[in-house]
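Undergrad: test case, fold it:
(chains A and B)
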Amino acid sequence: MNPVKSVVEMRGITKRFPGIIANDSITLSVKQGEIHALLGENGAGKSTLMNILFGLYQPDEGEILINETPVKITNPNKANELGIGMVHQHFMLVETFTVTENIVLGNEPKNGLKIDIKTAERAVEQLSNQYGLKVDPRAKIQDISVGMQQRVEILKTLYRGADILIFDEPTAVLTPQEINELIEIMHNLVKEGKTIILITHKLKEIMAVCDACTIIRRGKVIDSVLVKETNPDELAAKMVGREVNFRVDKQAAQPKETILAIENLTALGNRGVNALNNLSLEVRAGEILGIAGVDGNGQSELIEVLTGLRRASSGRVLLNGKEITNQTPRSISESGLSHIPEDRHKRGLILDFTMSENMVMETYFHPTFNKNGFLDYGAIDKHAAKLIEEFDVRTPSIYTPARALSGGNQQKAIIAREVDKNPDILIAAQPTRGLDVGAIEFIHRRLIEQRDKGKAVLLLSLELDEVINVSDRIAVIYEGNIVGIVDAKATTEQELGLLMSGGKRMQGGGNDE
Amino acid sequence: MDWGLIASNLVHDTIVFSTALIFASLGGLYSERSGVVNIALEGMMIIGAFTGAVITYAFQDSFAGGAPWIGFLAAGIAGAIFALPHAVASVTFKADQTVSGVALNFLAAGLSVYLTKIIFNGAGQTTTLSSVFGKWSIPVLHDIPYLGHAIFEAYPTSYLAFIMVFFTWYLVFKTPFGLRLRAVGEHPRAADTVGINVKKMRYMAVMISGALAAWGGATISLTTTSNFSHNTVSGQGFIAIAALIFGKWHPAGAMGAALFFGVAQAIKSLVQIFGLTKYVPTEFIFMLPYVLTILVMAGLVGRSNAPAALGKPYDTGSR
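TA: Numbering: from 1, shown residues only, chains lettered A, B, ... in the order given. Just a heads-up that it's a prediction; the model follows:
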C-alpha cells in the first residue's frame, strides 16, 4: 500500500508584521482526504497562515508544496488554480445577488455577451446534489438562512474546482442542528475526495470530525497529533500552554427576590414587524438566567429595550419594582442596570478614546469625576488605573486608545466598568464572543462572582455550551417569545435545540393565554 | 387653445431638457454602482459642455455638419480623462469621495472659464457655434399628428440617450461585466476573493462615468445653447445625482426621474404660453426644477437602495 500523499506541505513559514512575528517557522503537513484541524487561540497565527495559503499574504520565509510540487501563491486567483478554496468566517457573499450569481461571480458561463444564467443554475443544482448541499439557486442571499449562506460559500469553492477546502471558524454562526449538518457535509466532501483544513478553537468539533490536529501558539507549532490518540484536555493544555478547567466551578444558586421583571413586552424590530411578542420573564437576585436561542429571534431587541436603546410598544419592565420602560439609557443605568453589549466595538467602547476615558463612559457626570462642569482627569485616571489593575486588563497604559487592545482585554475593561457600577442586575450579551479560552474562563468567573454577591445576571449567548455551563436557569427565546424555561443542570443540548427551533413549546414556560 | 399641441410641445421640450440629465445620471450610475460616490457629475458635465463647444468651434469651418459629432466625441474623452483624478483620489488613495468630487467641481468651473477667456480673447463665453446638432425627424413616424412632433422630432443626442439607457441596463444586469461591477459596489472583498480586480473595476466605472456625464454636458452646448458659458450647466449635474437616487440606481428609474425633472424645465415655455408670467415672476418658474429636486429628495426616497459599499474605500488589509 502506498503511503497517503500529502496535498499541502508548508515548510518553515515565517511571516512578520510590524512589531510581531505572526508565524514563526511553521510547518504543516496535510494528507490527502483528511480533515486537518488548525487549533489555536485568537491571535495565535492560524488565520495568517491560512491567508498565506490562500494567497492573501506572502510569507517572508519558507516554502509551500501543493501535491508535492513547490508553488508560489501570489493571489487568491492563483490559489483557485491550485485547487485551494476558502470558506470565510465572514461570508463573502453579495446580499442582493442570488445564490447562483454569487457562486458564478468572476467565472460566469456566457451566452454571447450575456451571462448564461440557465447553465449557471444547472451547474449549481448539479453540484448541490452531488455534495448534498441543499440550496435554492434562485433565492437572494438576504432572504436565506445563515446555514444556507454557508452552503453557498462551500459551493463557491467547489464551483471553482477546489480540492483543498479551508474552513475558517465555520461553526461560529450556526445553531447546533446546523453544526450537525455541517459535520455531515464535511464527511461527504471527504468521501468525494476533498481535503479539508478546519480553523477552530473549539475542541468539541475537532474531536467530532477531524483526523489530525496541528496546534499553534504565539505563531509557533506546538504539536501535530492524531485526533484518535488525544483528548480535549490535552489539546486545550497545548493550545493555552497550561491546564484549563472546562467545567465552570460554581455552587448551587441561592435565588432570592425578583430584581428584573419583564411583563408582556412587545417591540418592533428594524424591519417594522414585532421582534418581541408579548414576552414575559423574571430574573431574581442570586441567579444567572441564560437566554438561549437562534440568532435573530429577538435577543438583540430584548436587550435594547431593557437598556433603553429601543422603544417598547407595549408591556412593562420593572427593576426592583420600579418601572423603567422606555426611559433613557442613562436613567436606566443609574437605576442599577449594567450592560455588557453584544458588539463591544460598536457599543461597548469608543475605540479612539483612551482606556481612562472609556472607563467613565457612564459615570463621567457623577460628582466624583465632574467638578463644576469640568472633568476631573486626576480622579478619572486614578479610577481607571484601579480598575485596570483589579481586572487584569493588559494595556500599555491608561492613555492607550481602546482600539489598540486585544479583544479579550477590551472585554475585560468593559466588564470592569460595568461591575464597578455595583449594579443590581448585570446584562451580559454574548460576553465571550470571539475570545479565547483564557479570557472566557475569566469572564465566566466574574459573572458567577456577581451572582454569588447576590446580584441578578441575565446572560444572552448564542453558544449553547456557555448558556448551559454558566446559567442556573435557561429561558429559550423563539420568534420574540419565551417558549420554555428549563433548569440548566437538568437539560440537554437536544432539548434546548428542539425548543430553539420552535419544535416544542413547554407548558407553563411561555405566555400562552 | 389647442391642448393637443400644448401637450405635444411639452413632451418635445421634456425630451430636449432630459437628455443631458439622462446621460449624466447614467454616468453617475456606473460610478456609484461600483461603490464610488460621484458628486463631481456637475464638473464633468461642465468639462463636456466646454470641450464639446470648443472642439466643434475648431472644426466647424472644415467639417460643417460633422463638427458637432467630433466635438461630442472629444467631450466624452475629455470627461473620462477629467474623471481620472477622482478615481486616483478615491480608489488609490482612499480619500473622502465627496471631498474629491467637490474639488473637481470647483476645478471644472474655474478651468473651463479660464480656458474660454484664453481661447476667445478674454470673452466669458465661446462664440455662438455656427454648426450644432439639428433635430432629426424619423421618416413617416414624425407625420403622426401631435405624437410625431412630440417624440419623433428630436436631437440625435436624445435618441442616443435612450439607446444608452437600454445599453446600460443590458450591460449592468445581463453581462459578467455588470455582475462584477455591482459586486464591487456591494461587497468588494467578496469580489476580491473570487479574483475580481476591485481597483480596476472602480477606475473603469469612474472613467465611464466621466465620459457619460461629459456627453450630458456636451448635449447642452451643442443643442440648446449653441455656446459655452459659465452657466451652461448650472446645477444640472446635481439634479442628475438626484435623478440617480430617485431612480434607485437603476437605468430605467434614473431615466424616469430625469424625464420628471425635464418636465419641470419644459414647463417654463408652457407657462409663457398661458401668460402666467404676468402674475408670477419668471425667476420662480425657473426655480421649479431645483425646488422639485429638494422636495423629491426630502420626501420621497431614503438611501435604502444604495449599493452597500457606496462611499467606502476598499482596503485590502482590513477585515
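Undergrad: show me where chain B has helices.
TA: Along chain B, counting by DSSP state H, helices occupy B:3-33, B:41-63, B:67-87, B:97-119, B:147-151, B:156-174, B:176-186, B:188-193, B:198-219, B:236-246, B:251-274, B:282-299.
Undergrad: columns distance to chain A on top of those, output as TSV?
TA: (Glycine included, C-beta is placed from N, CA and C.) Shown next, in TSV, are those (distance: least, C-beta to the nearest C-beta, whole Å):
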stretch	distance to chain A
helix B:3-33	11
helix B:41-63	24
helix B:67-87	22
helix B:97-119	21
helix B:147-151	29
helix B:156-174	5
helix B:176-186	4
helix B:188-193	4
helix B:198-219	11
helix B:236-246	17
helix B:251-274	15
helix B:282-299	19
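Undergrad: as CSV, those helices with mean neighbour count, mean pLDDT and distance to A:H88 would be great.
TA: Formatted as CSV, the entries for those read as follows, by neighbours: other C-beta atoms under 10 Å in any protein chain shown; pLDDT from 0 to 100; distance: least, C-beta to C-beta, whole Å:
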stretch, mean neighbour count, mean pLDDT, distance to A:H88
helix B:3-33, 25, 94, 24
helix B:41-63, 27, 95, 35
helix B:67-87, 23, 97, 28
helix B:97-119, 17, 96, 27
helix B:147-151, 18, 88, 51
helix B:156-174, 18, 97, 26
helix B:176-186, 24, 97, 15
helix B:188-193, 23, 92, 7
helix B:198-219, 27, 97, 16
helix B:236-246, 26, 93, 32
helix B:251-274, 20, 86, 32
helix B:282-299, 14, 81, 37
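Undergrad: state the distance from A:E243 to A:D168.
TA: According to C-beta to C-beta, to the nearest Å, A:E243 and A:D168 sit 28 Å apart.
Undergrad: from the contact counts, what lies against the helix or strand that contains A:L499?
TA: Element membership of A:L499 [criterion: DSSP states H and E] is helix A:493-500. For helix A:493-500, the packing partners by 3 or more C-beta pairs under 8 Å, 6 or more residues apart in numbering or on different chains; DSSP states H and E come out as helix A:176-191, strand A:288-292, helix A:464-470, strand A:473-478, strand A:481-487.
Undergrad: mind listing what's buried along it?
TA: For helix A:493-500, the neighbour count (16 or more other C-beta atoms under 10 Å in any protein chain shown) marks A:495-500 as buried.
Undergrad: quick one: average confidence on that helix?
TA: Summarised as a single mean, pLDDT over helix A:493-500 is 86.
Undergrad: ok and it relative to strand A:481-487, angle-wise?
TA: 160 degrees (axes from the mean of the first three to the mean of the last three C-alpha atoms, to 10 degrees).
Undergrad: A:E243 and A:D168: who's more crowded?
TA: Applying other C-beta atoms under 10 Å in any protein chain shown to A:E243 and A:D168 shows that A:D168 carries more neighbours, namely 21 against 8.
Undergrad: can you tell me how far that one is from chain B?
TA: 11 Å (C-beta to the nearest C-beta, to the nearest Å).
Undergrad: dump the residue contacts of the residue nearest to A:V317 when sequence neighbours are not counted.
TA: Excluding its sequence neighbours, the residue lying closest to A:V317 (C-beta to C-beta, 6 or more residues apart in numbering or on different chains) is A:T325, at 4.7 Å. Applying C-beta atoms under 8 Å, 6 or more residues apart in numbering or on different chains, one finds that A:T325 lies in contact with A:312, A:315-317.
Undergrad: that's a helix at A:T325, yeah?
TA: No - looking at A:T325 with DSSP: H, G, I helix; E, B strand; the rest coil, it is coil, so not inside a helix.
Undergrad: give me the most central residue, chain A.
TA: A:R433 (4.3 Å; C-alpha atoms, centre = their mean).
Undergrad: how far away is it from A:I443?
TA: 10 Å.
Undergrad: A:K78 too?
TA: With C-beta to C-beta as the criterion, A:K78 and A:I443 are 41 Å apart.
Undergrad: neighbour count: those two, which is higher?
TA: A:I443 (22 against 15).
Undergrad: the more buried one and A:P431 touch, don't they?
TA: Yes - counting by C-beta atoms under 8 Å, A:I443 touches A:P431, with 5.2 Å between them.
Undergrad: residues shared between the contacts of the two?
TA: A:411, A:415.
Undergrad: circling back to that earlier point, select, out of the helices of chain B, the one closest to B:T225.
TA: Taking C-beta to C-beta, helix B:41-63 is the member of the helices of chain B nearest to B:T225, at 8.2 Å.
Undergrad: how far off centre is that closest one?
TA: 15 Å (C-alpha atoms, centre = their mean, to the nearest Å).
Undergrad: what does stretch A:388-404 give?
TA: For stretch A:388-404, the distance to the chain centre is 23 Å (C-alpha atoms, centre = their mean).
Undergrad: buried set for it?
TA: A:388, A:391, A:393, A:395, A:398, A:401-402.
Undergrad: and that stretch, average pLDDT?
TA: Across stretch A:388-404, the average pLDDT comes to 88.
Undergrad: so how far is A:K204 from A:E229?
TA: Distance from A:E229 to A:K204, by C-beta to C-beta: 17 Å.
Undergrad: neighbour-wise, which of those two wins?
TA: Neighbours were counted for A:E229 and for A:K204 using other C-beta under 10 Å; A:K204 has more, 12 against 9.
Undergrad: got the contact list for the more buried one?
TA: A:232, A:465.
Undergrad: where do the domain boundaries of chain A fall?
TA: Following automatic domain parsing, one finds the domains of chain A at A:6-240, A:253-336+A:424-513, A:344-422.
Undergrad: dump stretch B:17-34 to CSV, restricted to CA.
TA: Extracted in CSV, the C-alpha atoms of stretch B:17-34 (Å, rounded to 0.1, in the frame of the first residue of the first chain):
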residue,chain,number,x,y,z
PHE,B,17,-34.2,69.0,-21.4
SER,B,18,-34.0,65.5,-20.1
THR,B,19,-31.3,64.4,-22.5
ALA,B,20,-28.4,65.9,-20.6
LEU,B,21,-29.8,64.6,-17.3
ILE,B,22,-30.2,61.1,-18.6
PHE,B,23,-26.6,60.9,-19.8
ALA,B,24,-25.3,62.4,-16.6
SER,B,25,-27.4,60.2,-14.3
LEU,B,26,-26.3,57.1,-16.2
GLY,B,27,-22.8,58.3,-15.7
GLY,B,28,-23.4,58.5,-12.0
LEU,B,29,-24.9,55.0,-12.1
TYR,B,30,-21.6,53.4,-13.3
SER,B,31,-19.6,55.1,-10.7
GLU,B,32,-21.9,54.6,-7.8
ARG,B,33,-22.8,51.0,-8.7
SER,B,34,-19.0,50.4,-8.3
